[in-house]
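Q: Quick one, what's the 3D model for this:
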Amino acid sequence: KPCQDVITRGQGDRMRRIISISPILQACLVNYSFIAPTITTNTTWTTANTPNNGNINITGDLTIESGATLNIKNGVIVHFGVNSRIIVKPGARLNLSGTLTGLGCDGLTWKGMEIWGVNASSTTRPGIFTSTEGALIERAETAAKCYGPDYSMAGGRIVCGGTTFKNNIRGVDIAPFENKNGIQTFGYVGSFSGCHFLTDKDYPHKMPFEYFVQMEGVRGIRLSGCKMENTRPVKTEKITDFGYGIKAFDANFTVTSGSDNPVFEGLAYGIHAQGITTRDPFSVTNATFNKCFTGIRAVGINNAEIIFNTFQLGNLPENVPAEEQFGVSFETDISGFEFQENTFWGEAGNVTTTFGSACQNLGSFNNVVRRNYYSSLTYANLANGSNAGAIAGLPRGLTYECNINSDIQEFDIAAVGSIRSKQGLEALAPDPSLPPSYSAAGNYFSYGDGVDVQSSGPIEYFYNPDNFGEEPLTLQGPVNKLEAPGND
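A: Residues are numbered from 1 along each chain as shown. The predicted model follows:
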């Protein structure tokens, strides 16, 4: 059979795959604008003063030395080889309003950016990265590491506004760092305003997406009006392959509105925050969570603030590996939170069981779930494990106050584990030898086909008989309902 005088599509695909992992072949085939460039003085790249009208190809690392600033202006597109990085050294600065991406029309990937910090004895300021409206960082293994070359040089500063982080395995990675000036401690220099974090059908990596923002051992990170969405098709049996919006360990951060309200969509966890040593609080306000397996998960975090958010439940991304979906989950020895004025909406979709809020093994602190609205869910509130106890002879633990339930299918309050044995607003007596008094809990029940209050252990539930909807009519387990004054 004679040899073909053309390259088949399959042969072309194989050659492209080999080239994509071989820097040597890339160097042979790509006309590079710069090879391992080093910036030592203040420099600005525009479409007018760079090769190919600002369409730049780089192999090797782009290094910005201490004392130098590189400005990459709007319209400039910088393509990096598969093993290439940007290194912003201590005392250096990168300002971006253009695009950082991989090589090739098929979206080859690159390593990403490292914003080097400082060690404990350094007198040099950390490296700084800023980006403005229209900036794009895409197809990187890690778009921005705020440390380098390892965790011993942490504290790299990052300030982003109107920036898109697209189709990266990892978005921003912030290493443990305490921002101190002598004995005074300041917040971490890290903020994101109006940024869009996205993975979609053009995701080019073999490794699954991991997270948009990860932080550990820092305080003061602020995210205002950011959108975090995973829309890429996923075929997996692992929930975590859908990724995390924010993944935090011993980190203090704030999620709030800016010009737009925050959005988390299509993720395994919109926000996953865990306290290991410092148990620092976080705050989330005015955010919307949609198609997330769990909207917010707080593990061992004290004094978290979760208010005025909306959780849309009932639908998950296609090819889902789970049948359950949670709005908010609190877990493991939590001493206080502010969890109120949130809305949990259920809708018909591909999820079998939806939970508004779930509390598990919180301990005996008086945690209060109050003034939330739950509609069209399987469970409005679920309590598992040990969430109650007694201190100095007084009942203590998890209580539910002033929540509104509507069209709940199975349980408005399901205490599979323990909750405080007296469910109502407590008022301590002036004479400590006398027992406290209790006003009504003030919850409104859905009065559907499900159970209003279920408890595995004995509880007293206080309600105001003068307010229609406050009396639990359908009870399950040892629940004793008692009339009480209104909860004002």
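Q: Which parts of the chain are helices?
A: 9-20, 23-29, 51-54 (DSSP state H).
Q: Where among the ones you listed is average confidence lowest?
A: Note on the helices of the chain: helix 23-29 shows the lowest mean pLDDT, a mean of 59.
Q: wait, doesn't Glu324 sit right on Ala358?
A: No. Counting by C-beta atoms under 8 Å, Glu324 sits too far from Ala358 to count as a contact (9.7 Å). The way it works is simple: take the backbone N, C-alpha and C, and place the C-beta from them, glycine included.
Q: So for these two, which residue has more residues nearby?
A: It is Ala358, of Glu324 and Ala358, that has more neighbours when counted by other C-beta atoms under 10 Å, with 21 against 16.
Q: And that one, how far from Val328?
A: 7 Å (C-beta to C-beta, to the nearest Å).
Q: And for Pro435?
A: For Pro435, the distance to Val328 - C-beta to C-beta - is 33 Å.
Q: higher neighbour count, the two?
A: Val328 (28 against 12).
Q: Could you check the pLDDT of that one?
A: 98.
Q: so where's the stretch 201-350 of the chain uncertain?
A: 319, 321 (pLDDT under 70).
Q: Could you find the closest non-adjacent residue to Ile21?
A: Val82 (6.4 Å; C-beta to C-beta, 6 or more residues apart in numbering).
Q: gap between that neighbour and Leu94?
A: Going from Val82 to Leu94 by C-beta to C-beta gives 21 Å.
Q: Neighbour count for the two, which is higher?
A: Taking other C-beta under 10 Å, Val82 and Leu94 do not tie; Leu94 has more neighbours (24 against 19).
Q: I figured that one was touching Leu70, is that so?
A: Yes. The pair Leu94 and Leu70 qualifies as a contact (C-beta under 8 Å) at a distance of 5.2 Å.
Q: any residues in contact with both of these two?
A: The contact sets of Leu94 and Leu70 overlap at Ile64 (C-beta atoms under 8 Å, 6 or more residues apart in numbering).
Q: Please enumerate the strands of the stretch 1-150 of the chain.
A: Along the stretch 1-150 of the chain, the segments classed as strands by DSSP state E, counting those that start in this stretch run 34-35, 38-39, 43-45, 55-59, 62-64, 69-72, 77-80, 85-88, 93-96, 99-102, 110-115, 128-131, 136-138, 140-145.
Q: contact partners of the fourth one?
A: So the one you mean is strand 55-59. Here strand 55-59 has contacts from 23, 26-27, 30-37, 45, 50, 76-81, 84, 103, using C-beta under 8 Å, 6+ apart.
Q: now swap in the fifth one and tell me
A: By C-beta under 8 Å, 6+ apart, the list of residues contacting strand 62-64 from outside reads 34, 36-39, 70, 78, 80, 84-89, 92-94, 127.
Q: at 7 Å instead, please
A: With contact meaning C-beta atoms under 7 Å, 6 or more residues apart in numbering, strand 62-64 is reached by Pro37, Thr38, Ile39, Leu70, Ile86, Ile87, Val88, Lys89, Ala92, Leu94.
Q: And those residues, which of them are buried?
A: Among the contacts of strand 62-64, those buried by neighbour count (16 or more other C-beta atoms under 10 Å) are Pro37, Ile39, Leu70, Ile86, Ile87, Val88, Lys89, Ala92, Leu94.
Q: out of these, who's nearest Trp110?
A: Ile86 (9.0 Å; C-beta to C-beta).
Q: which one of the buried ones among the contacts of strand 62-64 is nearest Gly457?
A: Among the buried ones among the contacts of strand 62-64, and counting by C-beta to C-beta, the member closest to Gly457 is Val88, at 56.9 Å.
Q: which ones are touching the closest one?
A: Applying C-beta under 7 Å, 6+ apart, the residues contacting Val88 are Ile64, Leu94, Met113, Glu114, Ile115, Trp116, Gly127, Phe129.
Q: Kindly recompute the last result at 6 Å.
A: Contact analysis of Val88 by C-beta atoms under 6 Å, 6 or more residues apart in numbering lists Ile64, Leu94, Ile115, Gly127, Phe129.
Q: And for Ser22?
A: Counted by C-beta under 6 Å, 6+ apart, Ser22 has zero contacts.
Q: For Glu138, see how far away it is.
A: Relative to Glu138, and taking C-beta to C-beta, Ser22 is found at 22 Å.
Q: Thr69 contacts Ala92, correct?
A: No. Between Thr69 and Ala92 there is no contact under C-beta atoms under 6 Å: 7.2 Å.
Q: Throw the contacts of strand 62-64 into CSV and include distance to Met215 and pLDDT, thanks.
A: As requested, these are exported to CSV (distance: C-beta to C-beta, whole Å; pLDDT from 0 to 100):
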residue, distance to Met215, pLDDT
Pro37, 30, 92
Thr38, 30, 97
Ile39, 28, 97
Leu70, 25, 98
Ile86, 20, 98
Ile87, 21, 98
Val88, 18, 98
Lys89, 22, 97
Ala92, 22, 98
Leu94, 20, 98
